[in-house]
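S.K.: Next one to model:
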Amino acid sequence: MSLLHALLVEWLRQQTKLPHLSEANPQVYVETPLHLETLTVWCALWAGGIIGPHFFKYDEGHDVAVNGDRYRAMITIFFIPELNNHDVQELLFQQNGATCHTARATIDLMKDTFSDRLISRFGPVNWPPRSCDLTPLDYFLWGYVKVLVYADKPQTLDHLKDNIRRVIADIGPQMLEKAIENWTSRLDYIRASRGSHMPEIIFKM
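M.R.: Just a heads-up that it's a prediction; the model follows:
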């Protein structure tokens, strides 16, 4: 230790009246992950039920954010087979304007599946941007699920997934019917107001 360093330590000790300032480097290492873990979950909702949840993963099983390729793989491998288990031949499929939803390859896949019954940006039935107040998953499902899944403060992703599965499985037909009734009321308001902004609507269960 240099003389200047020693004098500085002594001066600090006297000024702050500290009993001792250690000259040793404690060598404490605190490891933190460079990136926080992510969890991307997808569901489809209609008056008759919920398909999902589906969690996006790497081949190795790690959780991962969604992109166009992963979204199309989910639609092909998970959603369409699940949809075929239900009597929904005339179902209209609505999706928001996320980039992975509206990529050309995705829209082509959706058109092959739903024909002119696709409600989407760049789809046969165009969906206006920034219209989350007209999307049941946004104005109902995700908010409702979030409140319940975090009630016991899950500390791991596995715990969080278990909570999501449980909460979604507990949503009954009556609640889903009311969610869709609320959706039609919102559409009626938009038509009557010629597309003006919607005032705050309280979702009543």
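
S.K.: which regions of the protein lie under the pLDDT threshold?
M.R.: Applying pLDDT under 70 to the chain picks out residues 1-37, 58-61, 195, 198-205.

S.K.: Okay, and the beta partners of Trp46?
M.R.: Going by DSSP bridges, Trp46 is paired in beta bridges with Gly49.

S.K.: could we number from 36 for the rest of this?
M.R.: Got it, first residue is 36 now, which makes that one Trp81.

S.K.: mind listing what it touches?
M.R.: Trp81 makes contact with 123, 126, 211, 215, according to Cβ atoms under 8 Å, 6 or more residues apart in numbering. To be clear about C-beta, it is placed using only N, CA and C from the backbone, and glycine gets the same treatment.

S.K.: Does the last one touch Ala82 like I think?
M.R.: Read it as Ile215. Yes - taking Cβ atoms under 8 Å as the definition, Ile215 is a contact partner of Ala82 at 4.4 Å.

S.K.: Just the strands from this structure, written as ranges.
M.R.: Remark: strands assigned in the chain by DSSP state E are 76-81, 84-90, 128-129, 153-154.

S.K.: Quick one, which of those gets closest to Asp193.
M.R.: With Cβ to Cβ as the criterion, Asp193 lies closest to strand 84-90 of these, at 10.5 Å.

S.K.: what's the nearest residue to Leu127 once chain neighbours are set aside in contact with, if anything?
M.R.: Among residues not flanking Leu127 along the chain, Arg152 sits closest, at 4.5 Å (Cβ to Cβ, 6 or more residues apart in numbering). Shown in contact with Arg152 (Cβ under 8 Å, 6+ apart): 125-128, 159-160.

S.K.: If we go by neighbour counts, what in stretch 127-143 is buried?
M.R.: Residues of stretch 127-143 classed as buried: 128-131, 135-138, 141-142 (neighbour count, 16 or more other Cβ atoms under 10 Å).

S.K.: Take the strands of the chain and lay them out in JSON lines including distance to Ala108.
M.R.: Below are the strands of the chain laid out as JSON lines (distance: least, Cβ to Cβ, whole Å):
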{"stretch": "strand 76-81", "distance to Ala108": "12"}
{"stretch": "strand 84-90", "distance to Ala108": "11"}
{"stretch": "strand 128-129", "distance to Ala108": "17"}
{"stretch": "strand 153-154", "distance to Ala108": "18"}
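
S.K.: out of the ones you listed, which comes closest to Gly178?
M.R.: strand 76-81 (12.9 Å).

S.K.: Show only the entries of the buried residues of stretch 127-143 found in helices.
M.R.: 135-137, 141-142 (DSSP state H).
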